[in-house]
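[1] Fold the following and give me the result.
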Amino acid sequence: MKTLKSGIMRVMVPLTDGFEEIEALTVVDVLRRAGLEVETVGIVGSVIQGCHGIRVMVPLTDGFEEIEALTVVDVLRRAGLEVETVGIVGSAIQGCHGIRVMVDKRLMDINPNQYDAIVLPGGPGYKTLAKTGKLIEVLKDFNARKKTIGAICAAPSILAQAGILDDKRATIFPGMEKELSYPRGNRVVIDDNIITSQGPGTAMEFALALVKKLSGDSEALRLKRELVVA
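    All right, here's what the predicted structure looks like:
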């Protein structure tokens with residue numbers, strides 16, 4: 001532990017593959033809340049996986065866009081990530097094209113601190129997500145901790161309304177660009193910890209960008225070949 005000239009204590013937390021997530025991340029979170037400058041340091045490389053793997057939350061509510069949500073869940077699970085669908089209200093959720101799914105958990109039952117990333121699908125249900133106070137709190141907390149946040153189709157507008165995109169470049173469903181501070185026309189846009197995409201037709205690129213961010217280049221390339229993505 002080192003004291004900076006400003007008087008703020010600086011703490012290093014070394015990490016390597018197989019670290020215990022709850023122990024390490026609880027320490028990082030609590031020390032940062034105490035105003036200390038805490039840095040995680042990879043022993044080998046910069047993408048480190050804990051002993052329980054990386055956990056991703058995909059919130060769902062009635063009216064979600066099935067291609068966007070289920071492509072992300074499928075591709076991330078193929079990459080070995082632990083992905084859980086989380087129902088905003090109830091456990092049986094119906095997409096905007098009539099496909100019904102049973103979610104893994106309900107928002108009221110989860111501990112957000114146990115997740116490393118969150119991905120928001122679009123579809124008409126995005127308006128319900130935008131009005132869900134607990135979800136907005138989770139998004140703001142994830143952003144403050146620089147955890148990965150993904151949003152596709154209309155869902156980037158949720159991040160914009162929460163102030164998360166104030167200084168970020170992002171993309172959104174064509175025609176909704178006015179919702180963003182710094183809109184871009186790309187199919188997928190990555191700015192720091194935020195990954196955004198445009199719609200159902202860009203869902204595979206979006207999912208692979210998330211894999212690259214969370215699991216590294218080699219895993220994203222492996223899946224691209226396996227899924228025959230041009």
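[2] helix or strand right after the lowest-mean-pLDDT helix or strand in the chain?
    In the chain, the helix or strand scored least confidently by mean pLDDT, DSSP states H and E is strand 2-3, which has a mean of 52. As assigned by DSSP states H and E, the chain's next helix or strand after strand 2-3 is strand 9-15.
[3] Any buried residues in that next one, and which?
    For strand 9-15, burial by neighbour count (16 or more other C-beta atoms under 10 Å) applies to Val11, Leu15. In this view, the C-beta of every residue, glycine as well, is placed from N, C-alpha and C.
[4] same check, this time on stretch 187-203
    By neighbour count with 16+ other C-beta under 10 Å, stretch 187-203 contains the buried residues 188-190, 193-200, 202-203.
[5] what does stretch 69-82 give?
    Using 16+ other C-beta under 10 Å as the test for burial, stretch 69-82 gives Ala69, Leu70, Thr71, Val72, Val73, Val75, Leu76, Arg78, Ala79, Leu81, Glu82.
[6] Out of those, list just those in helices.
    Ala69, Leu70, Thr71, Val72, Val73, Val75, Leu76, Arg78 (DSSP state H).
[7] of these, closest to Gly18?
    When these are compared for distance to Gly18 (C-beta to C-beta), Leu76 wins out at 20.4 Å.
[8] who touches that closest one in this structure?
    Neighbouring residues of Leu76 by C-beta atoms under 8 Å, 6 or more residues apart in numbering: Val56, Val83, Val119, Ala207, Leu210, Val211, Leu214.
[9] Could you tell me which of the buried residues of stretch 187-203 are located in strands?
    Using DSSP state E, Val188, Val189, Ile190, Ile194, Ile195, Thr196, Ser197 are the members of the buried residues of stretch 187-203 that sit in strands.
[10] Mind putting those into CSV with pLDDT and distance to Ala34?
    As requested, those are exported to CSV (pLDDT from 0 to 100; distance: C-beta to C-beta, whole Å):
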residue, pLDDT, distance to Ala34
Val188, 98, 37
Val189, 98, 34
Ile190, 97, 31
Ile194, 98, 26
Ile195, 98, 30
Thr196, 98, 32
Ser197, 98, 36
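[11] Show me which of those is closest to Ser157.
    Of all those, Ser157 sits closest to Thr196, with 10.1 Å by C-beta to C-beta.
[12] Leu60: neighbour count?
    For Leu60, the tally of surrounding residues (other C-beta atoms under 10 Å) stands at 28.
[13] so which helix or strand takes in Glu219?
    Taking DSSP H and E as the criterion, Glu219 maps to helix 217-226.
[14] so what does that helix touch, helix or strand wise?
    helix 66-78, helix 203-215 (3 or more C-beta pairs under 8 Å, 6 or more residues apart in numbering; DSSP states H and E).
[15] Adding distance to Arg10 and mean pLDDT, write the ones you listed out as JSON lines.
    Listed next are these as JSON lines, based on distance: least, C-beta to C-beta, whole Å; pLDDT from 0 to 100:
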{"stretch": "helix 66-78", "distance to Arg10": "34", "mean pLDDT": "96"}
{"stretch": "helix 203-215", "distance to Arg10": "26", "mean pLDDT": "97"}
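[16] can I get the ones you listed in a markdown table with distance to Cys153?
    Formatted as a markdown table, the helices and strands packed on helix 217-226 follow (distance: least, C-beta to C-beta, whole Å):
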| stretch | distance to Cys153 |
| --- | --- |
| helix 66-78 | 6 |
| helix 203-215 | 9 |
